[in-house]
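> Sequence unavailable; structure follows:
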């Protein structure tokens with residue numbers, strides 16, 4: 001058989017396909033020591049191992065079967081898959097709001113490239129309309145691809161360009177902005193955009209998906225519909241994140257950009273508001289606002305863009321036994337800011353004290369947050385906290401560590417004057433610091449506790 005029938009397969013995997021006279025796109029029944037399977041043999045990524053055969057099951061899920069466990073493979077036909085997203089002209093209705101979708105990367109709507117195993121995003125209005133036609137019921141949609149990067153590669157250049165382009169689009173008259181973004185660092189970008197794009201008159205909604213569009217359990221379409229609805233019709237004129245609420249597809253949640261965090265590596269309901277409650281629940285039919293203290297949509301085009309970012313800042317996650325050379329190395333490398341995620345109310349050990357003094361003497365700005373995520377830095381309570389403050393460390397109230405990091409990068413992009421930086425850091429822009437946490441702003445359910453299990457039985461039928 002030709003190499004075309006073995007796309008990406010080599011070594012043990014290829015030998016198994018040759019032995020059973022099957023290849024890529026064969027519809028096969030497989031018997032192995034691990035069970036029986038029926039599905040379509042998929043090409044392998046060029047960087048994948050050589051010892052697994054990949055099947056797309058009839059359920060739509062992909063599985064890998066260890067080649068050495070396979071005892072027989074019987075071909076029942078061939079049905080080459082074509083992952084082309086249909087493209088249709090996006091209809092325009094002058095009576096509907098105008099929304100722009102900026103792309104930075106991610107898998108909101110996508111197809112698979114089986115040469116590399118990569119998920120390729122669909123992005124033109126026509127592609128999105130072909131994938132999610134419900135969007136045309138909500139708005140007139142324009143798209144602009146700013147970047148095509150994994151979210152871990154978002155950095156200073158991307159943040160500044162994105163903030164500037166948002167400002168331009170709002171000045172041009174759009175009714176809402178949607179930002180397609182990978183989920184891993186979406187909360188970082190949401191935070192920095194909150195500081196860079198202040199007092200917007202329209203919603204700015206970040207959205208992504210935990211599972212790509214080729215998977216039956218994908219959250220891409222629902223998240224995109226909800227985000228576009230929030231941008232087109234919502235009243236919340238600030239940076240927010242729109243993702244699944246529960247693990248089911250009942251509704252989405254809108255989270256404030258400075259109080260949101262990704263909390264699970266794979267759950268679709270991974271984003272949670274920390275230290276507060278979400279801004280709103282959203283589905284195709286309605287937006288139900290959960291709290292009153294949000295900035296409301298306006299008719300003007302006034303907006304403040306402050307696209308500054310000094311990336312010589314780091315987060316230092318304190319751990320017991322940390323040595324002062326860690327802080328000294330940061331100073332020696334020319335870093336201008338450190339955000340510490342401290343223990344308890346904002347503490348580190350005494351061996352770090354001399355290094356923190358050296359940081360202060362070198363002009364490094366050091367801010368304290370808590371690694372508990374929920375709660376406030378309270379450095380006046382214990383002697384340790386009071387001693388650390390005397391070394392120049394500034395308590396950052398209940399800012400999340402990643403939010404404090406982004407804000408310090410933003411502040412140091414404007415000034416290195418210690419008092420001015422402190423003024424910027426401790427003056428709230430959009431509830432990154434709050435006077436109090438609501439009674440229901442801290443809810444961590446612990447499984448197997450009787451009252452929690454009773455609650456779960458009521459909601460999981």
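Alright, I've got the coordinates. Note that the coordinates shown come from a computational prediction; the quantities given were computed from them, not determined experimentally.

> Report the rounded mean pLDDT for the longest helix that the chain contains.
Taking DSSP state H as the assignment, the helix of the chain that covers the most residues is helix 156-171. Averaged across helix 156-171, the pLDDT comes to 97.

> where does the stretch 51-200 of the chain have low pLDDT?
For the stretch 51-200 of the chain, applying pLDDT under 70 flags the ranges 80-87, 106-126, 130.

> need the strands for it, in chain order.
Using DSSP state E, counting those that start in this stretch, the strands of the stretch 51-200 of the chain run over residues 52-57, 62-66, 70-78, 98-103, 110-113, 118-121, 140-145, 176-180, 197-198.

> tell me the most buried of these?
strand 176-180 (a mean of 27; mean count of other C-beta atoms under 10 Å). All C-beta atoms are positioned from the backbone trio N, CA, C, and that covers glycine.

> who touches the residue lying closest to residue 208 once chain neighbours are set aside in this structure?
Distances taken as C-beta to C-beta, 6 or more residues apart in numbering place residue 183 nearest to residue 208, at 4.2 Å, with adjacent residues excluded. By C-beta atoms under 8 Å, 6 or more residues apart in numbering, residue 183 lies in contact with 106, 151, 208-210, 243, 262, 270-271.

> List just the nearest of those to residue 78.
Nearest to residue 78, judged by C-beta to C-beta, of the contacts of residue 183 is residue 209 at 30.6 Å.

> still on that earlier bit, considering the contacts of residue 183, which is situated nearest to residue 280?
Top of the list for closeness to residue 280, among the contacts of residue 183 and by C-beta to C-beta, is residue 243 at 12.5 Å.

> Grab the nearest non-local neighbour of that closest one.
residue 271 (4.5 Å).

> what do you get for residue 296?
Sequence neighbours aside, residue 235 is the residue nearest to residue 296 in space, at 5.4 Å (criterion: C-beta to C-beta, 6+ apart).

> And for residue 163?
The shortest distance from residue 163 to any residue other than its chain neighbours is 3.8 Å, reached at residue 196 (C-beta to C-beta, 6+ apart).

> That neighbour against residue 410, yeah?
Yes: counting by C-beta atoms under 8 Å, residue 196 does reach residue 410; the two are 6.6 Å apart.

> returning to what we had before: is it true that the residue nearest to residue 243 touches residue 257?
No: if you go by C-beta under 8 Å, residue 271 and residue 257 don't touch, sitting 11.1 Å apart.

> tell me, what's touching the two both at once?
Common neighbours of residue 271 and residue 257 (C-beta under 8 Å, 6+ apart) are 187, 241.

> circling back: sort out which of the contacts of residue 183 are in helices and list them.
Going by DSSP H, the helices hold none of the contacts of residue 183.

> so what pLDDT did residue 214 get?
What the model reports as pLDDT for residue 214 is 58.

> What of residue 286?
Looking at residue 286, its pLDDT is 95.

> Also residue 14?
92.

> That one: neighbour count?
20 (other C-beta atoms under 10 Å).

> What of residue 322?
Number of residues near residue 322 (other C-beta under 10 Å) recorded here: 17.

> ok, now residue 136?
By the criterion of other C-beta under 10 Å, residue 136 has 19 neighbours.

> wait, doesn't it sit right on residue 99?
No: under the criterion of C-beta under 8 Å, residue 136 is not in contact with residue 99, lying 11.4 Å apart.

> about what we covered before: let me see the contact set for the residue nearest to residue 243.
For residue 271, the contact set (C-beta under 8 Å, 6+ apart) comprises 183, 186-187, 241, 243-244, 253, 255, 260-263.

> quick one: which of those residues is most hemmed in?
Neighbour tally across those (other C-beta under 10 Å): the maximum, 31 neighbours, falls on residue 241.

> which stretch among the strands of the stretch 51-200 of the chain comes nearest residue 452?
Judged by C-beta to C-beta, the one of the strands of the stretch 51-200 of the chain that comes nearest to residue 452 is strand 62-66, at 33.2 Å.

> Strand 70-78 and the closest one, what's the angle between them?
Using axes from the mean of the first three to the mean of the last three C-alpha atoms, to 10 degrees, the direction of strand 62-66 lies 140 degrees away from that of strand 70-78.

> elements contacting strand 62-66?
Using 3 or more C-beta pairs under 8 Å, 6 or more residues apart in numbering; DSSP states H and E, the elements in contact with strand 62-66 are strand 26-32, strand 35-41, strand 52-57.

> And those strands: which comes nearest residue 305?
The stretch from the helices and strands packed on strand 62-66 with the least distance to residue 305 (C-beta to C-beta) is strand 52-57; that distance is 45.7 Å.

> Would you confirm that residue 443 belongs to a helix?
No: read with DSSP: H, G, I helix; E, B strand; the rest coil, residue 443 is coil and lies in no helix.

> For it, grab phi and psi.
Torsion angles at residue 443 (phi, psi; degrees, to the nearest 10) stand at phi -130, psi 110.

> go on, residue 315?
Main-chain dihedrals, residue 315, degrees, to the nearest 10: phi -100, psi 130.

> And residue 200, by the same measure?
Here is the backbone geometry of residue 200 (degrees, to the nearest 10): phi -70, psi 150.

> Could you list which residues are in contact with it?
Residues counted as contacts of residue 200 (C-beta under 8 Å, 6+ apart) are 166, 170, 237-239, 295, 303.

> Pick out the residue nearest the middle of the protein.
Residue closest to the average C-alpha location in the chain (C-alpha atoms, centre = their mean): residue 183, at 2.3 Å.

> quick one: residue 205 from residue 11, how far?
Using C-beta to C-beta, to the nearest Å, residue 205 is found at 46 Å from residue 11.
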